[in-house]
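S.K.: kindly return the folded structure for what I paste below:
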Amino acid sequence: MAKRLTAFGLTIMILLCLPFASFSHANTKAYTNSKKVVYLTFDDGPNLESQKILDILKKKNIKATFFLIEPQIRHYPKTTQRMFREGHSLGLHSVTHNAKKLYYGNPANVAKEMEKTRLTLKKITKLDSHLTRVPYGSKPYMKQSFRNELVKKHFKMWDWNIDSEDWKYDTKNPAKIVSNVKSGLKGKSGPIVILFHCKKGTVQKLPEMIDYLRKKGYTFKAYDPKHHFEMNFWNDKRL
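M.R.: So this is what the prediction gives:
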């Protein structure tokens, strides 16, 4: 009799749990599928164009992520402070932005430049950022020995999954920047990280691109260190 009761009790428990498990899984799947998130990221600032980008982002009520160069931070401290004050995320983009100095020597060179940039940014804003983006992207330069040095310093490293190529079409053909973003979105799932630069062509076309992304149902976010996710060309989960 006791064995029958035990079996009956187990059956009831399984039946009660099944609907909850199915509901939970369905909700998770629906939530994942419904989230269309885009991260606008801007390299090589701060500079004169950065102020115009900030004006557009403020008007559109959007937070973005800026990867800053150390001498530029010192040259434009007020712009850097404004970025931070207005709720944007700030990352590190080296001191020299020079491929030869960064990648053709000691594997610790990149980490050293990022550390110097981190300290300057902290002095200007009080923000202690460990998010990096290496100049020209991490492939092919950031081989394992270079990445190991970033890990030692507790840095994270972001690349992108859409290149607007504003660095190429800045003033020559700004419309191409928009078409690159639109074509880059096709077939992509998960978070979208778009590479922009603080350039005139980007400023000119940024409102149009923001409006397009909104029309397509994307939510705009800035990088959040509490919810870091992998976004590097090496698929290095440490970074």
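S.K.: where do the helices sit along this structure?
M.R.: Here the chain has its helices, by DSSP state H, at 2-34, 48-60, 70-75, 77-85, 99-103, 109-125, 144-152, 166-169, 174-185, 200-215.
S.K.: for those helices, which one sits closest to P191?
M.R.: Taking C-beta to C-beta, helix 2-34 is the member of the helices of the chain nearest to P191, at 11.2 Å. C-beta: built from backbone N, CA, C; applies to glycine.
S.K.: take the helices of the chain and write them to JSON lines, including distance to Y223.
M.R.: Shown next, in JSON lines, are those (distance: least, C-beta to C-beta, whole Å):
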{"stretch": "helix 2-34", "distance to Y223": "20"}
{"stretch": "helix 48-60", "distance to Y223": "14"}
{"stretch": "helix 70-75", "distance to Y223": "17"}
{"stretch": "helix 77-85", "distance to Y223": "12"}
{"stretch": "helix 99-103", "distance to Y223": "22"}
{"stretch": "helix 109-125", "distance to Y223": "14"}
{"stretch": "helix 144-152", "distance to Y223": "16"}
{"stretch": "helix 166-169", "distance to Y223": "19"}
{"stretch": "helix 174-185", "distance to Y223": "19"}
{"stretch": "helix 200-215", "distance to Y223": "17"}
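S.K.: which of these has the lowest average pLDDT?
M.R.: Least confidently modelled of those is helix 2-34, at a mean of 37 by mean pLDDT.
S.K.: pretty sure V37 sits against P191.
M.R.: Yes - if you go by C-beta atoms under 8 Å, V37 and P191 touch, sitting 5.0 Å apart.
S.K.: can you give me the end-to-end span of stretch 90-110?
M.R.: Stretch 90-110 has an end-to-end distance of 18 Å (C-alpha to C-alpha, to the nearest Å).
S.K.: now do the buried residues in that stretch.
M.R.: Buried residues in stretch 90-110, defined by neighbour count with 16 or more other C-beta atoms under 10 Å: 90-95, 97, 102-103, 107-110.
S.K.: now do the contacts for F233.
M.R.: 137-139, 159 (C-beta atoms under 8 Å, 6 or more residues apart in numbering).
S.K.: coming back round to it: could the buried residues of stretch 90-110 go into a markdown table alongside distance to G217?
M.R.: Formatted as a markdown table, the buried residues of stretch 90-110 follow (distance: C-beta to C-beta, whole Å):
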| residue | distance to G217 |
| --- | --- |
| L90 | 27 |
| G91 | 26 |
| L92 | 32 |
| H93 | 30 |
| S94 | 35 |
| V95 | 39 |
| H97 | 35 |
| L102 | 38 |
| Y103 | 39 |
| P107 | 42 |
| A108 | 43 |
| N109 | 42 |
| V110 | 37 |
